[in-house]
Every structure is written in structure tokens, then in C-alpha cells.
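**Q** model the following, please.
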Amino acid sequence: MQRRLNAILVELKAHAPFTLFGAVTGILVMLVFTKASPHVSERLFQVFHPAHVVLSAIVTASLFKLHEKKQSFLRVLVVGYIGAIGVATLSDSILPFLGEDFLGVAVPAHASLHEHGDASEPSAVHEGDHNQEHEGHKHMGRPHIHIGFIKDWYLVNPAAILGILIAWFWPSTKFPHAGHILISTWASSFHVLMNTHRELTPMLFVGVFVVLFLAVWLPCCMSDIVFPMLFVRSPHLHVGHHHHPTEVRS
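**A** Next up, the predicted model:
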């Protein structure tokens with residue numbers, strides 16, 4: 001048990017610097033797309049979240065397959081799917097959602113404009129316009145969570161299966177983990193932008209930076225390292241990962 005805990009702590013410490021770099025890129029992405037509509041941010045989330053799931057499934061299933069002697073495709077499928085979908089949802093959707101709620105970015109600076117429209121015109125004349133306005137702003141009072149494997153099931157679930165199949169035939173724990181930390185950060189960034197209805201001040205960007213770091217660091221390491229190692233009977237201390245300053249590996 002102590003050996004397993006040591007392996008987990010070593011990996012968490014080793015991945016912190018690269019996750020910091022990923023969080024910086026996430027802030028840069030948000031600066032580039034800060035004027036984009038929530039619809040555009042949602043479409044970009046639908047690109048990066050499934051991509052994250054593919055890479056997460058590759059690493060999770062690969063790590064389990066490489067370190068477990070008694071292999072079967074069904075076991076690799078179950079561990080890879082739960083690890084990828086569960087933790088990717090936590091990283092890209094649930095934790096950003098909690099951060100959005102805590103930071104208050106979903107509350108528009110002039111929220112009273114919506115209420116003002118209710119009483120300014122007769123309902124019989126402008127009822128249709130008001131309904132359209134209400135529909136367009138129904139999420140502006142609070143953040144809403146986007147659960148990919150449910151709402152975008154036709155994209156996210158096949159992505160997980162694809163990653164598992166790749167891991168079964170060509171297992172790898174190197175580039176996919178480094179790549180999926182970046183992609184997960186960008187998916188989390190676009191989830192925040194989907195729910196942002198106020199100007200992002202420097203202080204809010206600091207808060208978002210912390211949210212992005214925590215949303216990626218713990219869940220991604222849980223998915224790629226901790227979760228699959230729970231099913232391996234005799235883990236190696238560094239679980240096959242070697243970090244070198246001249247190359248990104250995990």
C-alpha cells in the first residue's frame with residue numbers, strides 16, 4: 001500500500017509543472033476567444049472534450065494493459081471507459097462548473113436588463129419577442145453544466161471506445177498523456193467561456209487559472225495514474241514514466 005501511495009505522489013509532483021504550463025495555455029485560449037459567442041465556445045468544447053476522452057482512454061487503458069498480467073479485452077474496456085469518461089467529465093465539466101459558480105462569471109453585469117424587458121411593453125404585443133429573449137438568456141442567471149457523454153453521447157462514447165482500441169493494439173503512456181493535459185485544459189477553458197456572461201477582469205482570470213489547474217491536475221493524474229493502478233497488483237514505483245527536461249513524457 002505504501003509503495004502504491006509513493007508511486008502516486010511521485011507522479012502527482014512530476015506532473016504539476018506541466019499542468020501549470022497547460023493552465024497558462026488555457027488562459028491564452030480564453031483571451032483569444034473571449035469575444036466569441038457561447039455557441040462557438042460550445043462547439044469548440046465539443047471538439048476538445050471528445051479529443052481529451054480519446055487520449056485519456058489511450059493512457060488509462062494502456063497503463064492497465066501494460067502492468068496487469070491477467071489481461072482480457074473486457075477488463076481493459078471497463079477500466080479504460082470508466083477512467084476516461086468519468087474523470088474527463090470531472091475535469092472538463094464538473095470542476096469548471098463549480099469554479100464558474102464560485103467565481104460568478106455566469107452572472108451578467110447588467111442582469112436587471114432582462115427583468116426590465118418584462119414590464120416595459122404590453123405582453124400581448126411583444127410576448128413572442130420576449131419569449132425568444134428569455135430563451136436566449138435562460139442560462140445567464142447561473143452556470144449550466146455540459147455533461148458530454150450524455151448530451152453529446154454520439155461523439156464522446158465512440159471517442160472512448162476508439163482510445164481503448166488504440167491502447168489494446170498499440171499501448172502507449174507517453175505522448176497521449178502530455179497531449180491530453182493540454183487538450184483537457186482547453187476543453188475546460190471553453191466550458192468556462194460557455195457560461196461567461198460578464199467581462200473577465202484580471203482578478204477573474206487569476207481565479208480561472210486556479211480552476212483550470214485544479215480541474216486538470218488532479219483528475220487527469222487520477223485517470224492516467226491512480227485509477228488504473230488501483231487494479232494492478234504490483235505497481236512499479238515510477239509506473240514506466242521518466243521525465244526529462246528536453247521532452248514531454250508522462
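**Q** and the next helix or strand past the host helix or strand of residue 87?
**A** Secondary structure from DSSP states H and E places residue 87 in helix 87-89. As assigned by DSSP H and E, the chain's next helix or strand after helix 87-89 is helix 95-103.
**Q** list the contacts of that next one.
**A** Applying CB atoms under 8 Å, 6 or more residues apart in numbering, the external contacts of helix 95-103 come out as 106, 142-145, 188, 191-192, 195-196, 204, 207-208, 210-212, 214-215, 219. Using the backbone N, CA and C atoms, a C-beta is placed for each residue, glycine as well.
**Q** please point out which parts of the helix or strand where residue 218 lies sit buried.
**A** Per DSSP H and E, residue 218 falls inside helix 202-221. Within helix 202-221, the residues that count as buried by 16 or more other CB atoms under 10 Å are 204, 207-209, 211-221.
**Q** and those residues, which two are the farthest apart?
**A** The most widely separated members of the buried residues of helix 202-221, counting by CB to CB, are 204 and 221 (26.2 Å).
**Q** how about the strands in this structure?
**A** Applying DSSP state E to the chain gives no strands.
**Q** can you pull out the helices in it?
**A** Secondary structure of the chain (DSSP state H): helices at 2-32, 38-67, 73-81, 87-89, 95-103, 112-120, 123-136, 148-151, 153-169, 175-194, 202-221, 227-229.
**Q** ok so, going back, closest to residue 19 out of the buried residues of helix 202-221?
**A** Set against residue 19, the nearest of those by CB to CB is residue 217 (4.3 Å).
**Q** excluding chain neighbours, what is closest to the closest one?
**A** Nearest residue to residue 217, sequence neighbours excluded (CB to CB, 6 or more residues apart in numbering): residue 19, at 4.3 Å.
**Q** how does this protein divide into domains?
**A** The record's domain parsing of the chain by automatic domain parsing lists 21-107+143-229, 111-141.
**Q** save the ones you listed as CSV, and put in distance to residue 2 and mean pLDDT too.
**A** Listed next are the domains of the chain as CSV, based on distance: least, CB to CB, whole Å; pLDDT from 0 to 100:
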stretch, distance to residue 2, mean pLDDT
domain 21-107+143-229, 14, 88
domain 111-141, 47, 46
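**Q** okay, buried residues for stretch 77-88 please.
**A** Along stretch 77-88, these residues count as buried under the neighbour rule (16+ other CB under 10 Å): 77, 79-81, 83-88.
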